[in-house]
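1. Everything below, folded, please.
(chains A and B)
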Amino acid sequence: MENLFFYIAAILAVASAGSVILQRKVMYSVLSLIVTLLAVAWMYAMLSAPFLAVVQVILYAGAIMVLFLFVVMMLKYEKTEIQRFRPGLLWCTGLLVAVFFLMKLIYVINRASSLPPKVTTLPPDFGSIKSLGGVLYTQYLLPVELTGILLLVAVVGVALLSGIKK
Amino acid sequence: MLAADQYLMVGVVLFGIGVIGFLTRRNVVVLLMCIELMINGAGLAFVSFCRQTGSLEGQVFVLFAMVIASVEIAVGLSIVLLVFRNRATLDVDEMEVLKW
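-> Numbers count the residues shown, from 1 in each chain, chains lettered A, B, ... in the order given. The predicted structure is shown next:
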C-alpha cells in the first residue's frame, strides 16, 4: 500500500517537474510547479516529517507560487515571449552538461546510499512540531535569529526595489 | 517499510531536472522556478537521509532552506520586475549589461 502511494507521488513529482521545463508558456510552468511541490509535500508526509509537509503546502504551494502567479500576470508575458526555438551551441552544451551531471549524481547516490546506518524504529513524535521546535529553539537558536534578520533585510530590500519613484 | 533510497532517487531526479531546465531555458521566471525545483530535490534528499538516520537535523535544514528560498524568490522576482520595467525583456540572453 505504501509502495503504491510512493509510486503515485514519485511519478506525479517527476512528470510535473518535467512539465515545468518543457512548457512553452510560463503560466503552465507555474501551475506544473505547484503540482510538483504538492507531490514533494506528500513525500515529506510519508517520510515521517508531517510538520515539513504542512509548511511546504502553506509556504511553497501557497505563498511563493502565488507570488510567481502575480508576477507572471503582471509581466504581460505573451507579448514578449520569444517564440522561435534556437538550439545553438550553447544550448546543446548546457543540455549535455546537465545530463552528465544528473547521471553522475545518480551514480554517486547509488553508491553512497547504503552508507548511513538504518534506523528501523523511530520515536512516535518524530518530526512533529514539538520535537522539531525543541531542536530549533535550543540547538539552532542563533540561526533562527539570523533568519529573522534575513527576512527583515529582504522586506526592506523588496520595498526599496519595487517602490522607486522616478 | 519502504527504503528511503527511493525517495533519495526522486530527489536526485528533481534536482537534475532543475539543472537541465536552468541550463537550457532562457526565461528568467522559468530559471527561478528551476532553482525552486533544485531546492526541493535537495530538501527531499535531506528528509530521506533524516528518515534513514533517525536524527532531526535534516528537517531543521529543510526549514531554513524554505525560508531562504522564499526570501530569494521575493527579491529575485522584484529584480525581474525592475529589469522588465527598464528593458522590457525576460530573456537572459538580452540582459547583458553586466557582461563586460
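
2. quick one: low-confidence ranges for chain A?
-> A:77-87, A:113-120, A:164-166 (pLDDT under 70).

3. residue boundaries of the helices in it?
-> A:2-22, A:26-46, A:50-55, A:65-74, A:77-80, A:89-112, A:129-136, A:141-162 (DSSP state H).

4. May I have the second one as PDB, with CA atoms only?
-> Taking Å, rounded to 0.1, in the frame of the first residue of the first chain, the C-alpha atoms of helix A:26-46 are listed here in PDB:
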ATOM      1  CA  VAL A  26       5.300  30.400 -18.200                       C
ATOM      2  CA  MET A  27       1.800  30.200 -16.600                       C
ATOM      3  CA  TYR A  28       1.600  26.500 -17.400                       C
ATOM      4  CA  SER A  29       5.100  26.100 -15.800                       C
ATOM      5  CA  VAL A  30       3.900  27.800 -12.700                       C
ATOM      6  CA  LEU A  31       0.900  25.500 -12.400                       C
ATOM      7  CA  SER A  32       3.100  22.400 -13.000                       C
ATOM      8  CA  LEU A  33       5.500  23.600 -10.300                       C
ATOM      9  CA  ILE A  34       2.600  23.800  -7.900                       C
ATOM     10  CA  VAL A  35       1.800  20.100  -8.600                       C
ATOM     11  CA  THR A  36       5.500  19.200  -8.000                       C
ATOM     12  CA  LEU A  37       5.600  21.000  -4.700                       C
ATOM     13  CA  LEU A  38       2.400  19.300  -3.500                       C
ATOM     14  CA  ALA A  39       3.800  15.900  -4.500                       C
ATOM     15  CA  VAL A  40       7.000  16.700  -2.600                       C
ATOM     16  CA  ALA A  41       4.900  17.600   0.400                       C
ATOM     17  CA  TRP A  42       3.100  14.300   0.100                       C
ATOM     18  CA  MET A  43       6.500  12.500   0.200                       C
ATOM     19  CA  TYR A  44       7.500  14.600   3.200                       C
ATOM     20  CA  ALA A  45       4.400  13.300   5.000                       C
ATOM     21  CA  MET A  46       5.300   9.700   4.100                       C
END
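
5. who's in contact with the residue lying closest to A:Ala13 once chain neighbours are set aside?
-> In space, and not counting its chain neighbours, A:Ala13 is closest to A:Ala39: 3.7 Å by C-beta to C-beta, 6 or more residues apart in numbering or on different chains. Heads up, the C-betas are built off the backbone N, CA and C, glycines and all. Shown in contact with A:Ala39 (C-beta atoms under 8 Å, 6 or more residues apart in numbering or on different chains): A:9-10, A:12-13, A:16.

6. Redo the residues you listed as JSON lines? Include neighbour count.
-> Below are the contacts of A:Ala39 laid out as JSON lines (neighbours: other C-beta atoms under 10 Å in any protein chain shown):
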{"residue": "A:Ala9", "neighbour count": "21"}
{"residue": "A:Ala10", "neighbour count": "19"}
{"residue": "A:Leu12", "neighbour count": "17"}
{"residue": "A:Ala13", "neighbour count": "28"}
{"residue": "A:Ser16", "neighbour count": "21"}
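
7. Of those residues, just say which sits nearest to chain B.
-> A:Ala10 (4.8 Å; C-beta to the nearest C-beta).

8. Need the nearest residue in space to the closest one, chain neighbours excluded.
-> Using C-beta to C-beta, 6+ apart, the nearest residue to A:Ala10 is B:Val10, at 4.8 Å.

9. Before we move on, what's the pLDDT of that neighbour?
-> At B:Val10, the model reports a pLDDT of 92.

10. Lovely, talk soon.
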